[in-house]
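Visitor: below are the sequence and a predicted model; questions follow.
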Amino acid sequence: MSTGTEATASARGLAFLAERQLPSGGFSLRYGFDVADGPTEPDDHTVFGTALIAHSLGFCRDGAVRPVLARAVEHLRAHMEPGGVWRHWTPSAPQYHVVAPDVDDTAYVSGVLRDNGVAVPDNRAVLLANRDRRGLFYTWFIARWPPPRSARLWAIAARRARHPLEGRKLWTTTPAFPSDVDGIVNANVLAYLGEGPHAAPVVARLTEVFRAGEEGRCDSWYRGPFTFYYAVTRTRLRGFDPIADELCARIRAAAAPDGRIGDGPLDTALAACALCNLGAEPELRERACDWLARVQAPDGSWPAAAFYYAGPREDPPLPRWGSPELTTGFCLEALARCRAT
């Protein structure tokens, strides 16, 4: 792909996101059983969607990204809760008190703020206190037994306890469990925390998942191998080096001659970014990004596809989240990184 083609595609994608950015600085997701073609509802209250897009925009070097990214970062900063944690929804959402603060939002948003020079209270101790006996990170910041050695974690749990009826709905009306330990969520935590003694149990578990071919079944909220590859390689941890060659081979096997990887633009972008994280397969990355530029919509977007789901089951189907804005964010990351390497 020529540099000019990539620059044009990136400029059009950034213009689309700038036009679709909400007054709050956040980005809307779509919520429904088929975010690509079926009827969906707008979800303008998610913290997580904005964090995902802001992370991807951080790789773009076009000057037009600066005001868009700055507004998104301020939106994320404004929704930090005491203790330096975040939850899926903002306080304006009707479901705000249903969900607990969680490690996925906290790690992702903390990383985005850190990368953009915004100070975050030291929340490493809270994250490290929220692990099971195997050393894997629980998804939810809630009170547990035996009690964790973190007064801050107890304070976070106590604030949620002020809304017991709403809080109980998380366990009774959704597929969530207090003991949730999710694979891709754990990878996202490692991407924030980096190397350290805490990493070994998670690396071992995710390596086991990969070698068993269960990439799409290790997490209650995420599906698909390409999301797994993106999350694991984003950690940049040396512990995953033994599976790097096989991971690249699985991406190669999913690539079509025209450059598409997996089912469409979202899979292709995630796969291309995973290869960039590994510094591998430059020709395959180039073909993938060339294909992304060719299939970009006239308005600068790429189509919505499901990125995360409302629980672990597929039968019966559960709602999922995605949007043209979210897919466009990942595609812009892929284009920017292929251009840079």
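Guide: Sure, I can see it.
Visitor: C-alpha from now on. contacts and neighbour counts both.
Guide: Noted.
Visitor: in which helix or strand does Thr63 reside?
Guide: Small correction: residue 63 is Gly, not Thr. Here Gly63, judged by DSSP states H and E, is contained in no helix and no strand.
Visitor: look at it and report its pLDDT.
Guide: If you check Gly63, the pLDDT there is 92.
Visitor: swap in the one 10 residues further on?
Guide: You'll see Val73 listed with a pLDDT of 98.
Visitor: name the next helix or strand downstream of the host helix or strand of it, please.
Guide: Assessed by DSSP H and E, Val73 sits inside helix 65-78. Sequence-wise, the next helix or strand downstream of helix 65-78 (DSSP H and E) is helix 103-115.
Visitor: output that next one as CSV - backbone C-alpha positions only.
Guide: Presented in CSV, the C-alpha positions along helix 103-115 are these (Å, rounded to 0.1, in the frame of the first residue of the first chain):
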residue,chain,number,x,y,z
VAL,A,103,-10.2,-4.6,36.3
ASP,A,104,-10.7,-4.5,32.6
ASP,A,105,-12.0,-0.9,32.4
THR,A,106,-9.5,0.1,35.1
ALA,A,107,-6.5,-1.3,33.4
TYR,A,108,-7.4,-0.1,29.9
VAL,A,109,-8.3,3.5,31.0
SER,A,110,-5.3,3.7,33.3
GLY,A,111,-3.0,2.8,30.4
VAL,A,112,-4.6,5.4,28.1
LEU,A,113,-4.3,8.1,30.7
ARG,A,114,-0.7,7.2,31.5
ASP,A,115,0.2,7.2,27.8
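Visitor: please, which helix or strand holds the most centrally placed residue in the chain?
Guide: Centrality entry for the chain: nearest residue to the mean C-alpha point is Leu52, 5.1 Å, by C-alpha atoms, centre = their mean. Using DSSP H and E, Leu52 sits within helix 47-57.
Visitor: picking up where we left off before, roughly how far does the residue nearest to the centre of the chain sit from Ala107?
Guide: According to C-alpha to C-alpha, to the nearest Å, Leu52 and Ala107 sit 11 Å apart.
Visitor: let's verify Ala200: helix, strand, or coil?
Guide: Under DSSP: H, G, I helix; E, B strand; the rest coil, Ala200 falls in the helix class.
Visitor: who touches it in this structure?
Guide: With contact set as C-alpha atoms under 8 Å, 6 or more residues apart in numbering, Ala200 has these partners: Gly239.
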